[in-house]
Every structure is written in structure tokens, then in C-alpha cells.
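A.B. asks: After the sequence you'll find the predicted model.
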Amino acid sequence: MFQKSLVYWKMASIKDIKIDLNELEKEKKKNFEERLKFIDWWVDYMKRHSDKDWSEDQNKVIDSQFKKI
Amino acid sequence: MEYNYKKKEIRINRSLNELDKFVIDFTNLLDEYVVVSGYVSILLGRTRATEDVDLLIPKIDSYKFRKLWDKIHENEFDCLNTSDFEEAFNMLEEHAIRFARKGIPLPNMEFKIIKNELDKFSYDNKIKVILNFNILYISPLELQIAYKLFLGSDKDIEDARHIYRLLKEKINKQELLYSLEKLNVSKKFGLLENGEH
């Protein structure tokens, strides 16, 4: 019985849920501010390390996009 | 990384990634160009990927473009829009055309003709980047920062902030203020400093 109701719950339509757009906007803003903080952190990291060192870290992000299939 | 504002020159000695290699291989085929937008911040260390690189070239006639077209194809690049030279040349009048390594659509080079004064300013005031033993030309950083604020997406603001925070002590503040003013984004300056505007 419990399993059955869980299935029904999972299949509920999005029209039935309440979404607080203000809360989502706040979350979006917070996320963006955290991204900006990361930019500052990364720039500090770059300044404290040699070009060779930071670029090896950066390349992990970039090269992962272009991995040969 | 060293930036000499007066010499309009940046020196970087770092490991190359696949995107750098793509840009270097392609730009080595060109005599005159300037790289603008997202790749500039990536070249300067921003930790994000991109699927395209924006590049501007001065107006080109059909004869010169034919020679360049052949050279590009001989070097294992393809145009993604069309395989027909005439069609590509006509498209170039109005739109960007894209080139990629043969059979590998990403990343690709968005290839555009200089069309307005802003483009021309970027080209005329380009900065030489000496990346290990390779040379690349990029748009002036002050304009690049302002233009990214003008575009205004989160990603663009992050790009602007990265360049600003990295080279804050070296960039020309007056020129940055003029650039912000020209693009009507002076109010967004706070995003570079503290994330507020």
C-alpha cells in the first residue's frame, strides 16, 4: 500500500506543487554571488602559483570537454 | 603572466590545452585577425570551456578569401556552414561562418568581418599574447571587460570579473571607464569590484 502511494506521489504533476519564485530568485542570486567568489578565489590561486601550475588545473576542465570519443 | 600595457603585450608560459591548440593552429593560417570575447578570458586562465571562439578579420575581397579558403582546407579544417566557396563568401558579408577541424565540429571558430567601429577599435588596438612560443592577438582588455558587462549573462559577468581581478593593477583605468561609458554599463562597475550594482 505504501509502495503504491509512493508511486502515485512520484507521478504527481508539477501543476500540483507550490513554487516560491522569490525563494528561487534568492537562490539564483546566491549561486551567482558564490560563482563570483570562486572567480576571486581562482584569481588569487593563479597569482600564487606559476603559469605552468595553474594551467594544468585549468586544462583538466577544458580538455575534459574535448576528449576524443 | 606578465602584462605590459605600453607595449600592448602579454607573456604567458603555461601548458596548452586542446582549445589553445585549436586556436593556435587556426590563427597561424591568418595574416590579420583579432580574437574577441570568451576565449580571451579562457586564454587568461578562466576555468571554463566553450564551444566556439570569436575572431574578427578586416574586410577581404573574393580573391584573397579564395586563397585563404584553400589554405584553411589544406590544413584539415572545414567550414561548417557550407562546402561551397561562393556561398561562404556571400555569407560572410552578413553573418559569421564557422570553421572546425575536419570531422570534429567542436570547438569551432566563428569567423567574422569587421563591421563597426567597435570591431575596428578591437582590431586596431589588439594585444599581442606570447603564449610559450606562439603568438595570438586579442582585443584590448579594457574594452573586453566592458563588452562582457554589456552582454550581461552570468557567464559574461564572470568573464569580465576574471580579467579585471587578474590584471586590475595593470589595466588602464581611464580607458576602462571610457569603455564602460561608451557601452552604457558604467553602473555595472560594482560587479567587478564587489558583485553589486
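C.D. replies: Thanks, I have it. Numbers count the residues shown, from 1 in each chain, chains lettered A, B, ... in the order given.
A.B. asks: quick one, phi psi at the residue in chain B that chain A sits nearest to?
C.D. replies: Evaluated by CB to the nearest CB, chain B has B:R14 as its residue closest to chain A, separated by 3.4 Å. (C-beta placed from N, C-alpha, C; glycine too.) When read as degrees, to the nearest 10, the backbone of B:R14 gives phi -150, psi 170.
A.B. asks: That one contacts B:I130, doesn't it?
C.D. replies: No. With contacts counted by CB atoms under 8 Å, B:R14 stays clear of B:I130, the gap being 11.4 Å.
A.B. asks: that older thread, give the contact list for the residue of chain B closest to chain A.
C.D. replies: A:51-52, A:54-55, B:131-132 (CB atoms under 8 Å, 6 or more residues apart in numbering or on different chains).
A.B. asks: If we ignore the residues flanking it in sequence, what's nearest the residue in chain A that chain B sits nearest to?
C.D. replies: The nearest approach of chain A to chain B comes at A:S55, 3.4 Å away (CB to the nearest CB). Nearest residue to A:S55, sequence neighbours excluded (CB to CB, 6 or more residues apart in numbering or on different chains): B:R14, at 3.4 Å.
A.B. asks: Ok, B:A100 next?
C.D. replies: Leaving aside its chain neighbours, B:A100 sits nearest to B:N108 (3.9 Å; criterion: CB to CB, 6+ apart).
A.B. asks: Remind me which helix or strand the one you found belongs to.
C.D. replies: According to DSSP states H and E, B:N108 maps onto strand B:104-113.
A.B. asks: In its sheet, which strands sit next to that strand, and in what direction?
C.D. replies: Taking DSSP bridges as the criterion, strand B:104-113 forms sheet pairs with strand B:52-57 (parallel), strand B:97-101 (antiparallel).
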